[in-house]
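1. Have a look at this fold, sequence not included:
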């Protein structure tokens, strides 16, 4: 199984890691020494499968689709970080 990793980003001093394998895309983030993660599955379209089989595309997903998926993952990570850090402000 191939796991593809993407550049690490940071949001509110929390590292955010992105990776994918098969049809799964996932983010991992560390908030206050605890690991949080979420993932989703995206199945390639029939057209993308054909483009890949005829070697017109390097993977089942276009670069544009990968960028959109990474943006969605970043949004999810930011929401998680905001929620967790906001909860800690309330506890004080």
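-> Received, thanks. Note that the structure is a prediction, hence the values are computed from the model and not measured.
2. switch to C-alpha atoms for all contacts and neighbour counts from now on
-> Noted.
3. count of neighbours near the nearest residue to residue 12 once chain neighbours are set aside?
-> Distance criterion C-alpha to C-alpha, 6 or more residues apart in numbering; nearest residue to residue 12, sequence neighbours excluded, is residue 81 at 7.8 Å. Residue 81 has 21 neighbours, counted by other C-alpha atoms under 10 Å.
4. measure residue 60 to residue 44 for me?
-> Using C-alpha to C-alpha, to the nearest Å, one gets 6 Å for the distance from residue 60 to residue 44.
5. Which residues are in contact with the residue nearest to residue 12?
-> Listed by C-alpha atoms under 8 Å, 6 or more residues apart in numbering, the contact set of residue 81 reads 11-12, 14, 31.
6. quick one: buried residues of the helix or strand of the chain with the lowest mean pLDDT?
-> Ranked by mean pLDDT, DSSP states H and E, the weakest helix or strand in the chain is helix 63-91, scoring a mean of 89. For helix 63-91, the neighbour count (16 or more other C-alpha atoms under 10 Å) marks 69-70, 73-74, 76-78, 80-81 as buried.
7. same thing with stretch 52-61?
-> 52, 60-61.
8. what sits up against that stretch?
-> 44, 48-49, 51.
9. Please name the bridge partners of residue 37.
-> residue 28 (DSSP bridges).
10. What is the neighbour count of it?
-> 15.
11. pLDDT wise, what is residue 56 at?
-> On pLDDT, residue 56 comes in at 92.
12. oh, I was asking about residue 27
-> For residue 27, the predicted pLDDT is 98.
13. I'd like to know how many residues surround residue 13.
-> Neighbours of residue 13 (other C-alpha under 10 Å): 10.
14. Now find how far off-centre stretch 14-27 is within its chain.
-> 4 Å (C-alpha atoms, centre = their mean, to the nearest Å).
15. er, stretch 42-51 actually
-> Taking mean C-alpha positions (C-alpha atoms, centre = their mean), stretch 42-51 and its chain are 19 Å apart.
16. now residue 59, what's its secondary structure?
-> Classification of residue 59 using DSSP: H, G, I helix; E, B strand; the rest coil returns coil.
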